[in-house]
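Undergrad: no sequence on this one, just coordinates:
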Ligand SMILES: Cc1cc2nc3c(=O)[nH]c(=O)nc-3n(C[C@H](O)[C@H](O)[C@H](O)COP(=O)(O)OP(=O)(O)OC[C@H]3O[C@@H](n4cnc5c(N)ncnc54)[C@H](O)[C@@H]3O)c2cc1C
C-alpha cells in the first residue's frame, strides 16, 4: 500500500502573529515553524500503518525551500521519501490542485483536518473531488481491512462511524495516533532520504489575499470579588449585555 | 443575483447557524433560495422564510437523511443550476465546509471558508476571513463570477424580515456511485445543547480535579441554558467526552458568553475561544494567564464560587 501524507509548514502554536509591508505579508521574524499539528496526527497514523502493514509513506509539502527542515523532520519521524512542490501555498484551491497532481497512484492520502495558519479546512475535500475519490474529515480513528477503510469521524456533538473503499482521502485529528518524536537514527537517516523538488502546475487564481489585520486589542479585565458574585450577574446583564 | 443557502438540520430541526447563513445571504441583497435535505419538520421549513428566503427547496428523500458529502454536493449543484444561482452560502461546519469545497471545485467557483463579515463589493468582492486560529484576519478577493462562502457562527446576526417563503419539493437525480461512504452508526449526545451552536458555554479544566465534580458546572450550565466544554487534558483523561474539548486541537467556539472554570488559559485553549464576545474566568490563581484574555474575572475557589454564581443567576431570573 502506498500512503501519501500532506504536511503544512506553519508557525508554532504559541507564535505571536504580526504582519509587515503595510499588512500585506506575514512577519516570520522570530517565528518557529512546525509540521501542522493536525498533519502530525496524519503522519503518525501513516507510520503506524507502515509498521503494521508494510506500507510506504511519502510526504508532500507545497512550499518554498524554507520548508525543507520541516519536511526532513517528517522523514526523520519515519516517512520514506518526500516531494516538495516549489511554490508559495497561497490558497486552498492552489494547494489542493498541486496535491491532486501528485496523489494519483496512492491508495491512501492523509492530511490534517485543517492547517493552523489559513484554517481553510477544505484541502482534503478539494483533493477528493479532484481525484474523484471519497474524502472524509475530521477522522479520529482509521483502520484498514483489505480495501475497506473503517473510520470514526467527529460531528457536532458526537461521532459517526463510516466505511469507504480505498483509494480515499482523510483529514485527520486526534486521537487517531500518538504524535511521534524523531529519534537519533531517524534524524541521521532523514538526511539521505530522497526529497524530490518539482515545479508547480499552473492554476488559475480564484482568490487573492489583499491584506491582513490583527483583532482589536482587548480592554483590561474587570475583577469581581468572590464574595459578591451577584455583581458579576448584574454586569453581564447591563454592561456586557450577554445574559 | 440569486443566492442558494444550504440549510442544515439535525433530528428534524434546523440549525441556528443555517438561519444565520440565510440572514447573511439576505443582507448581501438579491433573492435568497434555501435548500434543506432529508427529513425536516414542516414547521421548521416554514420558519426559514422569516429570515429572508423567498423560496425553500425541500429534497425530502429519506436517502438524504444521512449526510454523505459527495451526495450533498451533487444535490446542491443541481439546485444551483435549477435556480440559476450565482452564490452558495452555508455554515462553516463539519458538514458545510467540505460540501462547499466540493461544490466549488465542480463549478469552478472561488471558495472562502471561515468568513466573518459581509462582503465588501466597493471594488471587487472582498470577504474577511478568520485565520491563525482567531489570532488574525485576512481580506481576500473572490475573483470568479460564482462564489461559495462558508460563514462562521455568530458572523451574521439572525434577523427576522417578516417575510415568508413558498416550500417546493425538489427531486434531485441521485447517483448511486456518489454514495461512496457508508454511515455505519452515529453516536450523538441527545438533548444536550450543541457546543458549536451554543450562545453560552461553561467550560471546566483540570482545576475541577475530577469528573465527579462536574455537577457544579452542569448545574450552572443548566441555569444558563448553556453548553458544556472542557480543556484538552480533561478530555484526554476521559473525564469528559472528546467532542467537548475546546481549543486549537478541539472545537472552536464563538459564543456570546464563555465561562472558564479552573482553566489556566494556555495559548492552545485560548485559540479556540478568542472569538467569544465576552469571557468570564474563575480561577484560584491570580496569575493564571486566562485573566489577560478575560472581560471579567473572579479569583477564587471554583467549588465555592460556582454554586454561588448559580444561585445568583437563579435569583436574578
Ligand atoms: C499542540 C498542542 C495543542 C493543544 N491543544 C489544546 C486544545 O485544543 N485545548 C486545550 O484546552 N488545550 C490544548 N493543549 C494543552 C494546553 O497547552 C494546556 O495544557 C491545557 O489547556 C491546560 O488545561 P487546564 O487549564 O485545564 O489545566 P492546567 O493548566 O493544569 O490548569 C488548571 C487551572 O485550574 C486552576 N485551579 C486549580 N484548582 C482550582 C480551584 N479549586 N478553583 C479554581 N481554579 C482552580 C489552576 O490555578 C490552573 O490555572 C494543547 C497543547 C499542545 C502542545
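TA: Perfect, thanks for sending it. Given the structure is predicted, the values throughout are model-derived calculations rather than measurements.
Undergrad: and residue B:255, how many neighbours does it have?
TA: Residue B:255: 26 surrounding residues under other Cβ atoms under 10 Å in any protein chain shown. Placement of C-beta: from N, CA and C, glycine included.
Undergrad: Apologies, that question was intended for residue B:78.
TA: Using other Cβ under 10 Å, residue B:78 is surrounded by 18 other residues.
Undergrad: got it, and the one 3 residues further on?
TA: The burial count assigned to residue B:81 is 11, neighbours taken as other Cβ under 10 Å.
Undergrad: Surely it is within a helix?
TA: Yes: per DSSP: H, G, I helix; E, B strand; the rest coil, residue B:81 lies within a helix segment.
Undergrad: pLDDT value on it, please?
TA: Here the pLDDT value assigned to residue B:81 is 98.
Undergrad: ok, residue 123 - how many residues close by?
TA: Went with chain A since none was named. Burial of residue A:123 is recorded as 33 neighbouring residues (other Cβ under 10 Å).
Undergrad: The chain in question should be chain B.
TA: The number of residues packed near residue B:123 is 7, by other Cβ under 10 Å.
Undergrad: so what's it scoring on pLDDT?
TA: 87.
Undergrad: Over to residue A:218?
TA: With respect to pLDDT, residue A:218 scores 84.
Undergrad: Enumerate every residue touching residue 28.
TA: No chain specified, so I'll use chain A. residue A:11 (Cβ atoms under 8 Å, 6 or more residues apart in numbering or on different chains).
Undergrad: Not quite, go with chain B.
TA: Going by Cβ under 8 Å, 6+ apart, residue B:28 touches B:1, B:3, B:87, B:89, B:118, B:119.
Undergrad: Repeat the analysis, applying 6 Å as the threshold.
TA: Counting by Cβ atoms under 6 Å, 6 or more residues apart in numbering or on different chains, residue B:28 makes contact with nothing.
Undergrad: and what of residue B:75?
TA: Listed by Cβ under 6 Å, 6+ apart, the contact set of residue B:75 reads B:59, B:172.
Undergrad: Mind doing that once more with 7 Å?
TA: The contact partners of residue B:75, taken as Cβ atoms under 7 Å, 6 or more residues apart in numbering or on different chains, are B:37, B:59, B:172.
Undergrad: which one of the residues you listed has the most neighbours?
TA: residue B:37 (25 neighbours).
Undergrad: Contact partners for the residue nearest to it when sequence neighbours are not counted?
TA: Among residues not flanking residue B:37 along the chain, residue B:64 sits closest, at 4.2 Å (Cβ to Cβ, 6 or more residues apart in numbering or on different chains). Residue B:64 is in contact with B:37, B:38, B:71, counting by Cβ under 7 Å, 6+ apart.
Undergrad: now with 10 Å?
TA: Residues near residue B:64 by Cβ atoms under 10 Å, 6 or more residues apart in numbering or on different chains: B:36, B:37, B:38, B:39, B:40, B:71, B:72, B:75, B:172, B:174.
Undergrad: Against residue B:58, how distant is it?
TA: In this view, residue B:64 and residue B:58 are 10 Å apart by Cβ to Cβ, to the nearest Å.
Undergrad: In the stretch 201-317 of chain B, what residue spans correspond to strands?
TA: B:227-230, B:257-261, B:278-283, B:296-299 (DSSP state E, counting those that start in this stretch).
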